[in-house]
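Novice: Only the shape, not the letters, is given here:
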């Protein structure tokens, strides 16, 4: 973690993964027995308890994107567990590369959440608060 960086936790949003995964029958059985929603619930609860931000990240292309140069290609995955960037040559385990990309997206997502509201944008609450209260009754 970078010095003075806020603590945050980022996980892939695994909603719908059971329908997307192509795996062998025995692997599917293991996958279907894993409680993804429960893992997210527990992690969110524990992060809140520790005062750590929690962000769910879109998992699309996390294991095909180079974390160094940003090049996205299916060819970056020459084998199931292997990553080799076709542009810059970065090589490593595909899961490690995906984890780096998830961490980077988590930081970006956390930064977007923590941006102060722009003053020029319309806001129903700001509009309500800026108007004087309507007079009650009156004659």
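Specialist: Structure received. Remember, it's a predicted structure, so these values are computed and weren't measured experimentally.

Novice: alpha carbons only for contacts and neighbour counts from here, please
Specialist: OK.

Novice: List the buried residues of stretch 89-102.
Specialist: 94, 97, 98, 99, 100, 101, 102 (16 or more other C-alpha atoms under 10 Å).

Novice: Looking at those residues, spot the one nearest residue 26.
Specialist: The nearest member of the buried residues of stretch 89-102 to residue 26, counting by C-alpha to C-alpha, is residue 94 at 22.1 Å.

Novice: Tell me the spacing between the closest one and residue 82.
Specialist: Noted for residue 94: a distance of 5 Å to residue 82, by C-alpha to C-alpha, to the nearest Å.

Novice: would you turn the buried residues of stretch 89-102 into a markdown table with secondary structure, pLDDT and distance to residue 111?
Specialist: Listed next are those as a markdown table, based on DSSP: H, G, I helix; E, B strand; the rest coil; pLDDT from 0 to 100; distance: C-alpha to C-alpha, whole Å:
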| residue | secondary structure | pLDDT | distance to residue 111 |
| --- | --- | --- | --- |
| 94 | helix | 95 | 26 |
| 97 | helix | 96 | 21 |
| 98 | helix | 95 | 20 |
| 99 | helix | 94 | 18 |
| 100 | helix | 95 | 17 |
| 101 | helix | 95 | 15 |
| 102 | helix | 93 | 14 |
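
Novice: Would you map the strands across the protein?
Specialist: 8-12, 53-57, 82-84, 91-93 (DSSP state E).

Novice: follow-up on the earlier one: if I look at residue 94 and residue 82, which residues touch both of them?
Specialist: Between them, residue 94 and residue 82 share no contacting residue under C-alpha atoms under 8 Å, 6 or more residues apart in numbering.

Novice: if we can go back for a sec, return the most buried member of the strands of the chain.
Specialist: strand 82-84 (a mean of 21; mean count of other C-alpha atoms under 10 Å).

Novice: Skip the chain neighbours and tell me the closest residue to residue 73.
Specialist: residue 64 (5.7 Å; C-alpha to C-alpha, 6 or more residues apart in numbering).

Novice: Phi, psi for the one you found please.
Specialist: phi -110, psi 0 (degrees, to the nearest 10).

Novice: what's the average pLDDT for stretch 74-89?
Specialist: Averaged over stretch 74-89, pLDDT sits at 96.
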